[in-house]
Structures are given as structure tokens and as C-alpha cells.
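Trainee: sharing a model that was predicted from the sequence below.
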Amino acid sequence: MARESKQMSIIKTQLDAVRAQIERLQVKEETLLELLRELSGEPIVEQRPARKRAPNVKPLVLDFMREVGERGATSSEVDEAVRALNPTVAKDTVGSVLSRLKSDGALGYDGERYYEKKHMPEPRPFSGVLQAVS
């Protein structure tokens, strides 16, 4: 049962990475199509832009966590990295995504930093306790 859960988690992580890649490719496609229209002399019709759904931040968070690996990242570091890619992200979105990923078991948290589960440091229960010298 635990093995199946781990396999499902791995598949979900891979699926999120593929979705993030698709999203990045769609942005590139839109940019290239716009350049083609400009270069071909087609008039650029100013239309009221259709309301778009906000981009999914989860793949960006997962990509960044994959990049930082064993050193992990604080929520503010993740927020800063995501905003560098997408400045329109709402204020508490990244924190909510980190919390959800932690609840789903994709990330671990040691009280200060988030880690991908495979890079989560082993707990050290006595790390802050001073031992008396006899």
C-alpha cells in the first residue's frame, strides 16, 4: 500500500512537471505567433483580451524545489523565485501552494525550510539540547 502511494506521488510529480512544461511552451507559442504576425505585416487588431485563468503556480514551485535540491528553500525564497517568473502571482498564493504540497506529501518542512521529500534531512531530536559535561 505504501509503495503504491509512493508510486502515485512520483507520477503526480512527473505530471505536474509535464504540465509546467506545456504551459511554458504555450507562452512561447503565443510569442512566436505574435512575432510572425508583426513580421508578415498583418494588422494587429487590438481586441479586448479574453479573460485568462491565472497561471498555475504549482509547477513553478515544484520546478524551483527540484532546482534547490538538498539545500531546500524558505517560503520567501520560493515566493521570490516564482514572482521572478510570474510577477502577477497573488500575495499568499505561493505560501498556500507550499502548504498544500506539504499536506499532499510532495514536500517536507523542518520549521524553517521546505524540501522535496527525497531531500528532506533526517530529524535530529537533540540538536538544540546542550549536554552536561561531567
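Mentor: That came through, no problem.
Trainee: so Y109 makes contact with K102?
Mentor: Yes - if you go by Cβ atoms under 8 Å, Y109 and K102 touch, sitting 5.2 Å apart. Placement of C-beta: from N, CA and C, glycine included.
Trainee: what is the subsequent helix or strand relative to the helix or strand encompassing L33?
Mentor: Secondary structure from DSSP states H and E places L33 in helix 2-40. Counting by DSSP H and E, the next helix or strand C-terminal to helix 2-40 is helix 58-68.
Trainee: now the helix or strand bottoming out on mean pLDDT in the chain, how far from the centre of its chain.
Mentor: Comparing helices and strands within the chain by mean pLDDT, DSSP states H and E singles out helix 2-40 as the least confident, with a mean of 84. Helix 2-40 sits 12 Å away from the centroid of its parent chain (Cα atoms, centre = their mean, to the nearest Å).
Trainee: same thing with stretch 104-124?
Mentor: Chain-centre distance of stretch 104-124: 15 Å, with Cα atoms, centre = their mean.
Trainee: so where's the chain uncertain?
Mentor: Scanning the chain for pLDDT under 70 picks out 1-2, 43-54, 124-134.
Trainee: what strands flank the helix or strand encompassing G108, and is each parallel or antiparallel?
Mentor: Using DSSP H and E, G108 maps to strand 107-109. Under the criterion DSSP bridges, strand 107-109 sits next to strand 114-116 (antiparallel) in its sheet.
Trainee: and Y114, how close does it get to A20?
Mentor: Look at Y114 and A20: by Cβ to Cβ, to the nearest Å, they are 17 Å apart.
Trainee: between the two, who's got more neighbours?
Mentor: Y114 (25 against 19; other Cβ atoms under 10 Å).
Trainee: ok, and the closest non-adjacent residue to Y114?
Mentor: Residue nearest to Y114 in three dimensions, not counting chain neighbours: L107, with 5.0 Å by Cβ to Cβ, 6 or more residues apart in numbering.
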